[in-house]
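S.K.: here's my sequence, what's the structure:
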Amino acid sequence: MAEVFGTAASALAVIELAVKITKLCAQYVEDVSNARDDIGRINTEVTNLKAVTESVRKLLDGPQGTKLRTSQNLYTALQDGQGELQRLEEDLTSRKSRKAMRRCGLRALKWPFRSEDVQKKVDILQRCSQTISLALQVDQT
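M.R.: Got it, this is the predicted structure:
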């Protein structure tokens with residue numbers, strides 16, 4: 001039973017981080033014109049992870065929530081997703097690039113990732129979403 005609560009708490013943390021990152025990506029889209037494609041790719045994967053995590057949350061909160069057999073897989077995948085989202089949030093809210101640009105008199109944001117970095121992050125987020133989806137499918141059969 002405690003494991004289900006831990007998984008539910010992880011699901012909620014992932015959802016909250018996904019909402020924060022979606023808002024940060026929207027801010028970057030407004031302020032950084034040359035990184036729109038990369039921002040869109042990350043934002044899409046964060047949104048997908050959020051949607052899958054919300055499904056987990058509904059399942060865990062439902063009457064069958066305590067009967068999940070693969071909840072440990074869900075918990076691990078949610079922890080991985082949460083960790084990646086936390087790193088992503090830290091990179092997007094980094095004060096270093098903002099301070100450096102303010103010293104120069106600029107208020108613009110600098111997109112902190114190269115395309116290769118974006119692809120790695122997108123791959124990790126996709127893997128988390130797929131693992132969660134597969135665990136949900138196993139539990140629903």
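S.K.: for the protein, longest helix please?
M.R.: What stands out as the longest helix in the chain, according to DSSP state H, is helix 2-31.
S.K.: flag every buried residue along it.
M.R.: 4, 7-8, 10-15, 17-18, 20-21, 24-25, 28 (16 or more other C-beta atoms under 10 Å). C-beta: built from backbone N, CA, C; applies to glycine.
S.K.: minimum pLDDT in those residues, which residue is that?
M.R.: Lowest pLDDT among these: Val4, with 65.
S.K.: helix, strand, or coil at the nearest residue to Ala11 once chain neighbours are set aside?
M.R.: Spatial nearest neighbour of Ala11, chain neighbours left out: Arg57 (4.3 Å); criterion: C-beta to C-beta, 6 or more residues apart in numbering. When classified by DSSP: H, G, I helix; E, B strand; the rest coil, Arg57 comes out as helix.
S.K.: so what's Arg57 up against?
M.R.: Contact analysis of Arg57 by C-beta atoms under 8 Å, 6 or more residues apart in numbering lists 8, 11-12, 15.
S.K.: closest to Lys121 among those?
M.R.: Ile15 (18.3 Å; C-beta to C-beta).
S.K.: am I right that that closest one is in contact with Val52?
M.R.: No - contact criterion C-beta atoms under 8 Å: Ile15 and Val52 do not qualify, at 10.2 Å.
S.K.: helix or strand right after the helix or strand harbouring Gly40?
M.R.: Gly40 is part of helix 36-61, with elements assigned from DSSP states H and E. Note on helix 36-61: by DSSP H and E, the next helix or strand toward the C-terminus is helix 71-92.
S.K.: just how off-centre is that following helix within its chain?
M.R.: 7 Å (C-alpha atoms, centre = their mean, to the nearest Å).
S.K.: ignoring the adjacent residues along the chain, who's closest to Asp91?
M.R.: Pro112 (5.0 Å).
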